[in-house]
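**Student:** how would this look folded up:
(one chain, ligands or ions: 1)
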Amino acid sequence: MEPVPDFAISSRRVVTPEGENPAAILIRGEKILDVVSLQNIPDGCPTEDLGNDVVMPGLVDAHVHINEPGRTDWEGFETATKAAASGGITTLVDMPLNCIPVTTTVDALHQKTSSIREKLWIDCGFYGGLIPDNLKDIEPLAEAGVLGFKAFMSHSGIDEFPKVAESHLRKALSILINKAIPVLVHAELENSVETSNSHQTYESFQATRPKSWENNAIKLLIKLCREYETHIHIVHLSSSDILPEISQTRDEGLPLTVETCPHYLHFASERISDGDTRFKCSPPIWGSDNREKLWVGLEKGTIDFITSDHSPCTPELKKLDTGDFQMAWGGISSIQFTLPVIWTECRQRGFSLVQLTNWLSKRPAKFIGKGQQKGQIAPGYDADLVCWNPEAEFLVEQTAIHHKHKLTPYEGESLFGAVNKTFLRGQKVFDNGSFVGLPHGKIVMGNHGT
Ligand SMILES: [Zn+2]
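**Tutor:** Model (predicted):
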């Protein structure tokens, strides 16, 4: 006998790998059983019709800093995953720094996973940290289920998470050869820079982290990728200068992948006011010409996907009172707004919902090794769905922000795309401004996990 769906979700705009069509998604338990035309919904199947709302696979955010345990006053799993669910994200991957202890050993990973039980509104995976003295921990962390290893080529901002040198990267890559697990690198190579006495303008901040830092770091990573043929991933690409070299490397078939972030695709540095440290992030945001080239990189596939790089802190650490870019914490708080920010930009440029889905769901799911389980509306996939109205325009206001702290450079922005409902593995978790039921997010284990 054919398996019977528990219920169906229908809409005139369902985004599947084949395109955007009127369809019904048949759901049984946690999975998508089938996607059928509206005429073929089985008799008697309870159906939630969402009219003209877009129904897309839930977003997969492969780069988030949550800070728990240890710095939960900055951000915690409950608030971050609530904000994520309200923004249509159904899976996220947490970075190994900013929490205490940093996730550089299996013991630290277990401390994290045991401290967050029953706090997850969406599914969460974890990266392990790669620092100079934990090469012995790489294989045990991979076996414990981390989805990748994160390393910094410049100071991370966290003293317990020191940067690596080329020699450490070489050793790590030789350990990871033939393992389908990426090394994610914060690509900035520090070099001497001119310092000025004033730290009030965004230009003065850019001068402390010039594009050459990122360009030089990526050149070195390309060299290592060519030598080891092991998966290297560049996080939060900011400089468009280096896109031709990245494109050439990918044309050679080498395992290099790249992400960029909403703040590099939406803001332009010439419009940032003096002293507005909400915009401080590393690498810095550049001008509108750079932003447009990043969009071309996405369109051509040189950049694989988009992550939030949600990197919150307490408001005091942003030093808005003094407007001192040198003293302010670098990081942008934004996880809730990836979908409307990117859609607002896509809309202006004529990009389709299928492209949007590739950048926000399908490719990041593949990157974390879950391309057969998440990131697509197709039979057998997790029933992770976001239902949203692309025509609805709204103003970002603090009262609707679910991050622990409301300080974000998106406040006051007018965006298109309101998330109405989010489903996690077949269960509604967010419904028109309210959270539904109890948090039932799961921990996403890597394929090397046991
Ligand atoms: Zn980050």
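**Student:** only C-alpha atoms for contact and neighbour calcs from this point on.
**Tutor:** Fine.
**Student:** Could you check how far Ser288 is from Ser239?
**Tutor:** Counting by Cα to Cα, to the nearest Å, the separation of Ser288 from Ser239 is 12 Å.
**Student:** More neighbours: which of these two?
**Tutor:** Applying other Cα atoms under 10 Å to Ser288 and Ser239 shows that Ser239 carries more neighbours, namely 24 against 17.
**Student:** how near is that one to Ile177?
**Tutor:** Using Cα to Cα, one gets 28 Å for the distance from Ser239 to Ile177.
**Student:** Then Val341?
**Tutor:** 37 Å.
**Student:** Looking at these two, which has the bigger crowd around it?
**Tutor:** Set Val341 next to Ile177 and count neighbours by other Cα under 10 Å: Val341 wins out with 21 against 14.
**Student:** can you tell me the helix or strand for that one?
**Tutor:** Per DSSP states H and E, Val341 falls inside helix 338-349.
**Student:** from the middle of its chain, how far away would the next helix or strand after that helix be?
**Tutor:** On the C-terminal side of helix 338-349, the closest following helix or strand by DSSP H and E is helix 353-357. Taking Cα atoms, centre = their mean, to the nearest Å, one finds helix 353-357 lying 16 Å from the centre of the chain it belongs to.
**Student:** what does stretch 276-293 give?
**Tutor:** Stretch 276-293 sits 17 Å away from the centroid of its parent chain (Cα atoms, centre = their mean).
**Student:** Okay, buried residues for that stretch please.
**Tutor:** 276-288, 290-293 (16 or more other Cα atoms under 10 Å).
**Student:** Just the residues contacting that stretch, thanks.
**Tutor:** 188, 205-206, 209, 214, 236-240, 263-270, 272, 318-320, 323-325, 328-332, 407-409 (Cα atoms under 8 Å, 6 or more residues apart in numbering).
**Student:** Any idea what the closest residue to Leu26 other than its chain neighbours is bridged to?
**Tutor:** Closest residue in space to Leu26, ignoring its immediate chain neighbours: Ala8 at 4.5 Å, by Cα to Cα, 6 or more residues apart in numbering. With DSSP bridges applied, the residues forming beta bridges to Ala8 are Leu26, Thr47.
**Student:** Ala8 reaches Thr47, doesn't it?
**Tutor:** Yes - if you go by Cα atoms under 8 Å, Ala8 and Thr47 touch, sitting 4.6 Å apart.
**Student:** between those two, who's got more neighbours?
**Tutor:** Taking other Cα under 10 Å, Ala8 and Thr47 do not tie; Ala8 has more neighbours (24 against 16).
**Student:** what number of residues lie near Leu438?
**Tutor:** 11.
**Student:** Now do the contacts for it.
**Tutor:** Counted by Cα under 8 Å, 6+ apart, Leu438 has contacts Trp121.
**Student:** Confirm that it sits in a strand.
**Tutor:** No - under DSSP: H, G, I helix; E, B strand; the rest coil, Leu438 falls outside any strand and is assigned coil.
**Student:** Ramachandran coordinates for it?
**Tutor:** phi -110, psi 160 (degrees, to the nearest 10).
**Student:** For the stretch 351-450 of the chain, give me the ranges with low pLDDT.
**Tutor:** Residues of the stretch 351-450 of the chain meeting the criterion pLDDT under 70: 449-450.
**Student:** Which stretches in the stretch 101-250 of the chain count as strands?
**Tutor:** Remark: strands assigned in the stretch 101-250 of the chain by DSSP state E, counting those that start in this stretch are 123-126, 128-129, 149-152, 183-186, 232-234.
**Student:** Make JSON lines from the ones you listed and add mean neighbour count and distance to Ala23 to it.
**Tutor:** Shown next, in JSON lines, are these (neighbours: other Cα atoms under 10 Å; distance: least, Cα to Cα, whole Å):
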{"stretch": "strand 123-126", "mean neighbour count": "23", "distance to Ala23": "26"}
{"stretch": "strand 128-129", "mean neighbour count": "30", "distance to Ala23": "40"}
{"stretch": "strand 149-152", "mean neighbour count": "24", "distance to Ala23": "39"}
{"stretch": "strand 183-186", "mean neighbour count": "24", "distance to Ala23": "37"}
{"stretch": "strand 232-234", "mean neighbour count": "23", "distance to Ala23": "36"}
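**Student:** Compile those strands into JSON lines and extend it with columns for mean pLDDT and distance to Gly51.
**Tutor:** Formatted as JSON lines, the strands of the stretch 101-250 of the chain follow (pLDDT from 0 to 100; distance: least, Cα to Cα, whole Å):
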{"stretch": "strand 123-126", "mean pLDDT": "98", "distance to Gly51": "27"}
{"stretch": "strand 128-129", "mean pLDDT": "98", "distance to Gly51": "42"}
{"stretch": "strand 149-152", "mean pLDDT": "98", "distance to Gly51": "42"}
{"stretch": "strand 183-186", "mean pLDDT": "98", "distance to Gly51": "40"}
{"stretch": "strand 232-234", "mean pLDDT": "98", "distance to Gly51": "39"}
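**Student:** quick one, which of those strands is nearest to Ile25?
**Tutor:** strand 123-126 (20.7 Å; Cα to Cα).
**Student:** could you say what helices and strands that closest one packs with?
**Tutor:** With contacts taken as 3 or more Cα pairs under 8 Å, 6 or more residues apart in numbering; DSSP states H and E, strand 123-126 sits against strand 89-94.
**Student:** Please identify the buried residues of the strand it packs on?
**Tutor:** Those would be Ile89, Thr90, Thr91, Leu92, Val93, Asp94, for strand 89-94 by 16+ other Cα under 10 Å.
**Student:** Can you pull the poorly scored residue ranges out of the stretch 201-350 of the chain?
**Tutor:** For the stretch 201-350 of the chain, no stretch is flagged by pLDDT under 70.
**Student:** Count residues in the vicinity of Asp431, would you?
**Tutor:** Neighbourhood size, Asp431 [other Cα under 10 Å]: 16.
**Student:** dump the residue contacts of it.
**Tutor:** Counting by Cα under 8 Å, 6+ apart, Asp431 touches Asn420, Lys421, Thr422.
**Student:** hmm, try it at 6 Å
**Tutor:** By Cα atoms under 6 Å, 6 or more residues apart in numbering, the contact set of Asp431 is Asn420, Lys421.
**Student:** Ok, the one 5 residues further on next?
**Tutor:** The neighbours of Val436, taking Cα under 6 Å, 6+ apart as the test, are Val429, Phe430.
**Student:** With adjacent residues omitted, what lies nearest to Glu214?
**Tutor:** Nearest non-adjacent residue to Glu214, counting by Cα to Cα, 6+ apart: Glu188, 4.3 Å away.
**Student:** Appreciated, that's everything.
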